[in-house]
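**Q** A structural model of the following input is requested.
(chains A, B, C and D)
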4 protein chains.
Amino acid sequence: MVVLLKKNPDKTQLDSLTQWLQGLGVETHVSVGAHQTIVGLVGDTSRVDINVIRALDIVEDVKRIQEPFKNANRKFHPEDTVVEVGGFKIGGGHFAVIAGPCSVESEEQICAVAQAVKASGAMALRGGAFKPRTSPYAFQGLHGDGIRLLLKAKELTGLPIVSEIMDASHIPLFEEVDVIQVGARNMQNFELLKQLGKLRKPVLLKRGLANTLQELLMSAEYVMAGGNSQVILCERGIRTFETYTRNTLDLSAIPVLHSLSHLPVIIDPSHATGSAKLVQPMALAAAAAGADGLIIEVHNDPAHALCDGPQSLTPEAFDGLMKKVEAIQPYADR
Amino acid sequence: MVVLLKKNPDKTQLDSLTQWLQGLGVETHVSVGAHQTIVGLVGDTSRVDINVIRALDIVEDVKRIQEPFKNANRKFHPEDTVVEVGGFKIGGGHFAVIAGPCSVESEEQICAVAQAVKASGAMALRGGAFKPRTSPYAFQGLHGDGIRLLLKAKELTGLPIVSEIMDASHIPLFEEVDVIQVGARNMQNFELLKQLGKLRKPVLLKRGLANTLQELLMSAEYVMAGGNSQVILCERGIRTFETYTRNTLDLSAIPVLHSLSHLPVIIDPSHATGSAKLVQPMALAAAAAGADGLIIEVHNDPAHALCDGPQSLTPEAFDGLMKKVEAIQPYADR
Amino acid sequence: MVVLLKKNPDKTQLDSLTQWLQGLGVETHVSVGAHQTIVGLVGDTSRVDINVIRALDIVEDVKRIQEPFKNANRKFHPEDTVVEVGGFKIGGGHFAVIAGPCSVESEEQICAVAQAVKASGAMALRGGAFKPRTSPYAFQGLHGDGIRLLLKAKELTGLPIVSEIMDASHIPLFEEVDVIQVGARNMQNFELLKQLGKLRKPVLLKRGLANTLQELLMSAEYVMAGGNSQVILCERGIRTFETYTRNTLDLSAIPVLHSLSHLPVIIDPSHATGSAKLVQPMALAAAAAGADGLIIEVHNDPAHALCDGPQSLTPEAFDGLMKKVEAIQPYADR
Amino acid sequence: MVVLLKKNPDKTQLDSLTQWLQGLGVETHVSVGAHQTIVGLVGDTSRVDINVIRALDIVEDVKRIQEPFKNANRKFHPEDTVVEVGGFKIGGGHFAVIAGPCSVESEEQICAVAQAVKASGAMALRGGAFKPRTSPYAFQGLHGDGIRLLLKAKELTGLPIVSEIMDASHIPLFEEVDVIQVGARNMQNFELLKQLGKLRKPVLLKRGLANTLQELLMSAEYVMAGGNSQVILCERGIRTFETYTRNTLDLSAIPVLHSLSHLPVIIDPSHATGSAKLVQPMALAAAAAGADGLIIEVHNDPAHALCDGPQSLTPEAFDGLMKKVEAIQPYADR
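**A** Numbering: from 1, shown residues only, chains lettered A, B, ... in the order given. Just a heads-up that it's a prediction; the model follows:
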């Protein structure tokens, strides 16, 4: 962190600033110039509140130079984290595909999709029981019944299950769910993140629509600060001015997150693009760029899906995609 | 809603589409052209799921033409909603200023600020007890103790209080809070909105960083669909590529929301700009553009505020701002 | 500028870096910490290429702390610039309104609009002769004939004229035009800016759709570096995810630009919003926030305007707006 | 195009609207509903000015449903366009890599880079002679001398050359340049596009920082409307709120542009990311997603490049990338 002082800073105030910082265990280096004085802070500044310093009379500006996250930071944990669940691994060279419908609709539907995606090589089944919908009048999911149907599909196929949570009060319903997903709209629902930090169960954390990669890592830090180190990061498109796709998929997130953090990074091309015909090219691109996995919407009858039908693949299309994704693996960036 | 069909649509599928829509109480009008067939839907389409139609084989595209919100829609409720609380009114020509510190820090602090802002003409006291912070290591608020200190300040000054909620499980703590605020990061925390819809207490709903005005109104619709019609909309800046200000304050939201909805619209120039020196020009601009109110951060000692100090006004600066805002009222756009 | 070095930087390379910088007339201050070494640069760093430094082996990152513009910088020119043209002044407390149609269409049209806006108090006439249009099939303006019609309107009313240039090769056609406008799409057409820098005529420079305020000032710097100090800055909306308005008007640009620069700042609410009914609230907001002027589209027959009709005011609406804008002046932020 | 009328539209005005549209060769279909009347326009609406209709008294809103571009539209030209230049082909299954330094600096530099990239399999040499730089104080390129050095490198290696033009007045200097590049900042410099439309030489058109894919195609349409059908589209990152990468590379542009248009689509991972270490993962992702080519910055001494050094690959790194990109080709999305 670098603190830029105003011209001719008061000596007493400057001393009290440097003493306060040293008290926090941070080294300070003052460079006095003819026109400007700069204080460089060296050490662990993750607990220094940048706003407090910025507000001081003698301070013109403050720049953070190091990342404010610690548990998620590759600098302090150089090896890749491998998340392991129900027999599948993700991260550290293990590539995994999670697939399934946007919403759980019926036992018949979820079991049919589960069997199909398993046959094609998916390593986990996704399915929404609680659905965040913009409109209060749209289908909101089957809630507890949806979880029960997912567990039936798990029993049938052996696939671990992944499902989205929308409120901390629902945690008891997710006891047997293998991976708890936090959706983009809840990426900064800090109360929820804190509660998930108390669990010892993998959390699939989606990047918010307008959140930076650093903010995503700070949200992972909320979970990890509670002691739960099993976090999977997921890029699913950000909001931009472009209207042709639902969101803009930011694939540079893959190498950037890999350089900043040791956590596995997966891509959701279905929600990012909002269009089934764009899922395969973006899935292949993600694999080539070195993603640790994918999460793909598959529905046995996309035309009649209760939500997000237009972006769901048929089981046949998913099977074709899996073959191509596997073929591309040896040529991916590492 | 207008449905654009693919070339030479199958007659049977077209008939089944129109019959299904008519079953939902929507009139359909089919225009057959040499190159394109269009189906116009007329009536209440707020419960028609646009994605289901888009997924049909015969459909090329669907455009929604009417707004998908109803309770918040001025078309169905032409008169302005006036929210009334603890003796102050907002909306329908009533202009109100809510002021106070970002965080409640101590009894001394909150009472001093409350007395100061009351003396300057503020109509309610704001103060955060639960603070959404990007970093898990930053000050998170005094929680229940913060609420208790706000109630002391209310007792002392008579000012109604406004405070932010972060999780539905905290609702019991807010029983005596006059206005419950939903922060930008929780604008699409739909479980929370549903629970607030069951209360009969004003909700101050802030626009999310990357949410459209229509999505803001859809979130208001979540609260209103539960029977709670006392919603105050708040614009507090959106996320753009500009880095000089913390966010970009979208003041056109004022006339746009007033034309689409009957709900009162207030502006938060403190969070939008992140800088005390930009608060006054933006507050005056908001008043001139016809806002129904403002929410302003005021701290008796901004340099030592535990959060967001740099954007807080001193009581003296707030007093000056209030005089200017009042003077501009007669010239505001209506 | 602050240069953050990698761990254990090579001593010889560090010396050569500091010597090179000192050769450019910049003071350097090296702070060696246990974990990190920082070099602070103090002095005029506007000619130091940040990318060259960033590319050095020993450098981890570089942060610019001071603004890279000089002629436009208030630090080096504390008094407001007042642009004076054909008897009207803008900046330094002088508020001016420029009004007229998007396109010059006919002598009858431009003269009628000129007389109307003059009667309402406009200080200059705008009118497009060269029109930047997204589609090659849309009306592109009357070109040289348009300029001639503007000059007739000037002769008739005495109003100075403002018109947009799209290519440096057209400069001779603009000899009698009082203020040359550079449109948003050409804000970084650097060849054009350089040529305009050779003139001694005011340039009205519009902010690009996706340009930061700093980039706007850098483009002003292009004109000023050529010796032409008469630049008027214009905010006209930026591109965001919001689709209800054509662009998002960033009114915080007014106080921010005023703090960074001495140049006058005007607002174009017509192009920013794209909707006539939003022009007045945004014009009043701009005036209240301390803008030095406005540029407003006025057409005597908006319904039949050849471009941008929906955002043009009628002369009557403009007259009403002028009265309100004048009334608000004494209460504006300064 | 669909025109939504206000309630109870005036019959005479409606008739005059439909007659006017029919006069433009567009079929109209009127659907009268109890609450709303809709006019569907069928046929070639690319020359209908949407703003003129929107401005009519009886009209509430207009929605364009078909694309406003024609020459660039795959609907009217189903086969892929193959651009052929100096022995290399791009598009229609032909994948080509263009490589070279950001700026031409010296004969030694450009010849060394040309030989290196040719040896690694590049099909054309890029090099900037005219450089668009945000700051007037930054290196602006060697101009005519730069073009002459590029031609020397062409003579030496046989590689066709690609260079950026910044102003129509420079066209004579580009007579022997094989492909003329239009940079992102000039994507809507319509005067330049018109002049390039008169040439019979390939144009490499880069997407603007804040331009939609439709606007990119409209700019291609400007060139094509002049009779020059040899346009190569290039995605090079868009401006978003994310600050970690210079821009956000929008790889979904590849399948989207391929579905809307027959023109070849290439990707520039160097400018998009601004960081050498992100170039390879994004290049592989682009290839996997079905891009027709890449444009990559390569410099023989990135640490001392006069511009954009941090994003340039060394010849060795480029050689490694080429091998990986070739290996991935058989598995790319088509």
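**Q** pretty sure residue A:109 is in contact with residue A:100, am I right?
**A** No - counting by Cβ atoms under 8 Å, residue A:109 does not reach residue A:100; the two are 10.0 Å apart. (C-beta placed from N, C-alpha, C; glycine too.)
**Q** The two: who's more crowded?
**A** Taking other Cβ atoms under 10 Å in any protein chain shown, residue A:109 and residue A:100 do not tie; residue A:100 has more neighbours (30 against 21).
**Q** right, and that one touches residue A:298 too?
**A** Yes - applying Cβ under 8 Å as the test, residue A:100 and residue A:298 come out as touching, 6.1 Å apart.
**Q** Now the closest residue to residue A:128 other than its chain neighbours. Its backbone dihedrals?
**A** Excluding the flanking residues, the one nearest residue A:128 by Cβ to Cβ, 6 or more residues apart in numbering or on different chains is residue A:103, at 4.7 Å. The phi and psi values for residue A:103, taken as degrees, to the nearest 10, are phi -120, psi 140.
**Q** so how many other residues sit close to residue A:103?
**A** By the criterion of other Cβ under 10 Å, residue A:103 has 24 neighbours.
**Q** if I pick it, what's in contact with it?
**A** With contact set as Cβ atoms under 8 Å, 6 or more residues apart in numbering or on different chains, residue A:103 has these partners: A:127-129, A:131, A:139, A:141-142, A:146, A:305-308.
**Q** now it: how far from residue B:53?
**A** Going from residue A:103 to residue B:53 by Cβ to Cβ, to the nearest Å gives 17 Å.
**Q** which stretches of the stretch 201-334 of chain A form helices?
**A** Residue ranges of the helices in the stretch 201-334 of chain A, as given by DSSP state H, counting those that start in this stretch, are A:213-225, A:253-260, A:269-273, A:276-288, A:315-328.
**Q** Residue A:306 and residue A:142 touch, don't they?
**A** No - Residue A:306 lies out of contact with residue A:142 (Cβ under 8 Å); the separation is 9.6 Å.
**Q** any shared contact partners between these two?
**A** With Cβ under 8 Å, 6+ apart, residue A:306 and residue A:142 have common neighbours A:103, A:105.
**Q** rewinding a little: need the residues touching each of residue A:100 and residue A:298.
**A** Common neighbours of residue A:100 and residue A:298 (Cβ under 8 Å, 6+ apart) are A:113, A:117.
**Q** and the helix or strand where residue A:155 lies, which residues are buried?
**A** Using DSSP states H and E, residue A:155 sits within helix A:144-157. Within helix A:144-157, the residues that count as buried by 16 or more other Cβ atoms under 10 Å in any protein chain shown are A:146-147, A:149-150, A:153-154, A:157.
**Q** Now flag whichever of the residues you listed is closest to residue D:249.
**A** residue A:150 (35.4 Å; Cβ to Cβ).
**Q** just to revisit the earlier point, the helix holding residue A:155 near chain B anywhere?
**A** No - Helix A:144-157 stays clear of chain B (Cβ under 8 Å from any Cβ of the partner chain), getting no nearer than 13.9 Å.
**Q** got a list of contacts for that helix?
**A** Under the criterion Cβ under 8 Å, 6+ apart, residues A:103-104, A:106-107, A:110-111, A:113-115, A:118, A:125, A:127-130, A:142, A:159-161, A:163, A:173-174, A:176-178 lie in contact with helix A:144-157.
**Q** buried subset of the residues you listed?
**A** Buried members of the contacts of helix A:144-157, scored by 16+ other Cβ under 10 Å, are A:103-104, A:110-111, A:113-115, A:118, A:125, A:127-130, A:142, A:159-161, A:163, A:173-174, A:177-178.
**Q** List the ones among those that fall in strands.
**A** A:125, A:161, A:163 (DSSP state E).
**Q** OK, contacts around the first one?
**A** So the one you mean is residue A:125. A:98-100, A:110, A:113-114, A:117-118, A:150, A:153-154, A:157, A:159-162.
**Q** what does the stretch 201-334 of chain A put close to chain B?
**A** So the stretch 201-334 of chain A meets chain B at A:208-210, A:215, A:218, A:221-222, A:225, A:239, A:302-310 (Cβ under 8 Å from any Cβ).
**Q** State the distance from the residue nearest to residue A:128 to chain C.
**A** Distance of residue A:103 to chain C, given as Cβ to the nearest Cβ, to the nearest Å: 26 Å.
**Q** export the helices of the stretch 201-334 of chain A to TSV and tack on mean pLDDT and mean neighbour count?
**A** As requested, the helices of the stretch 201-334 of chain A are exported to TSV (pLDDT from 0 to 100; neighbours: other Cβ atoms under 10 Å in any protein chain shown):
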stretch	mean pLDDT	mean neighbour count
helix A:213-225	96	24
helix A:253-260	97	22
helix A:269-273	96	27
helix A:276-288	97	27
helix A:315-328	97	18
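**Q** Residue ranges in chain A under the pLDDT threshold?
**A** A:33-36, A:47, A:65-66, A:307-309 (pLDDT under 70).
**Q** from it, which residue is nearest to chain B?
**A** Proximity of chain A to chain B (Cβ to the nearest Cβ) peaks at residue A:210, 3.0 Å away.
**Q** give me phi/psi at that residue?
**A** According to degrees, to the nearest 10, residue A:210 has phi -130, psi 30.
**Q** again with residue A:98
**A** Dihedral angles for residue A:98 - degrees, to the nearest 10 - are phi -110, psi 130.
**Q** doesn't residue A:162 make contact with it?
**A** Yes - using Cβ under 8 Å, residue A:98 is in contact with residue A:162, at 5.4 Å.
**Q** more neighbours, these two?
**A** A count of neighbours by other Cβ under 10 Å puts residue A:98 above the other of residue A:98 and residue A:162, at 27 against 24.
**Q** In contact with residue A:163, which residues are there?
**A** Going by Cβ under 8 Å, 6+ apart, residue A:163 touches A:126-130, A:146-147, A:150, A:174, A:177, A:179-181.
**Q** ok, 10 Å please
**A** Taking Cβ atoms under 10 Å, 6 or more residues apart in numbering or on different chains, we find residue A:163 in contact with A:100, A:104, A:125-130, A:141, A:146-147, A:150-151, A:173-174, A:177-181, A:204.
**Q** roughly how far apart are it and residue C:80?
**A** Distance from residue A:163 to residue C:80, by Cβ to Cβ: 60 Å.
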